[in-house]
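>>> what follows is a predicted protein model with its sequence.
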Amino acid sequence: MALTTRGDTSAKSVLDLDRFPVADANGELSYERTIPADQIQDSIVEHIEHLHIVQHGLDANGNDKYDVKALGESVFAKSLCVAGVPEEGTNPATCGEVVPFGSVDTGGGTTNGGDNAPLLAVGGVALVGSAVMFWLRRRLGQPG
């Protein structure tokens, strides 16, 4: 999926370098875009917890543009039979994993303590047993 700033986000747009976000002079980038659900492939939704995002683009020669002068043509683009794409535009720059939040089922346990019930029961029995033993020892005159 191509996380472009506008237009198509399908695989057809993965090499449309002019529509991708670009970092500022400090190397910072903020990207926000709402993509309608019907434009997201089912395979992406099904495997959301295993996805990662890779940001591409390195201005190797510092001329504020992606050009073939710095590193030549993109090996990745050539593997897709697309010529003339600068390697600078397809080199991986950063990556990170997608972390679902909100109402997405992330596989976590319950928040009502139900998973800890057996452990709490054992602790309760041990506490009551200790109290009974203490009471019996005091009752029978043995030092506690």
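Nice, I can see it. Residues are numbered from 1 along each chain as shown.

>>> let me see the confidence value for V45.
What the model reports as pLDDT for V45 is 79.

>>> ok, G72 next?
Per-residue confidence for G72 comes out at a pLDDT of 95.

>>> all numbers from here: first residue = 72
I'll keep to 72 as the first residue from here, and by that count the last item is G143.

>>> what sits closest to it if chain neighbours are left out?
The shortest distance from G143 to any residue other than its chain neighbours is 5.5 Å, reached at E158 (Cβ to Cβ, 6 or more residues apart in numbering). The way it works is simple: take the backbone N, C-alpha and C, and place the C-beta from them, glycine included.

>>> hmm, S145 and the one you found touching each other?
Yes. With contact defined as Cβ atoms under 8 Å, E158 and S145 form a contacting pair (4.7 Å).

>>> which one of those two has more residues nearby?
Just comparing E158 and S145: by other Cβ atoms under 10 Å the higher neighbour count belongs to S145, 24 against 20.

>>> mind checking how far the more buried one is from K136?
In this structure, S145 and K136 are separated by 14 Å, where distance is defined by Cβ to Cβ, to the nearest Å.

>>> same check, this time on F147
If you measure F147 against K136 using Cβ to Cβ, the figure is 18 Å.

>>> so for the two, which residue has more residues nearby?
For the pair F147 and K136, the greater number of neighbours falls to F147 (17 against 13), based on other Cβ under 10 Å.

>>> please report phi then psi for that one.
Summarising the backbone geometry of F147 under the convention degrees, to the nearest 10, its torsions are phi -60, psi -50.
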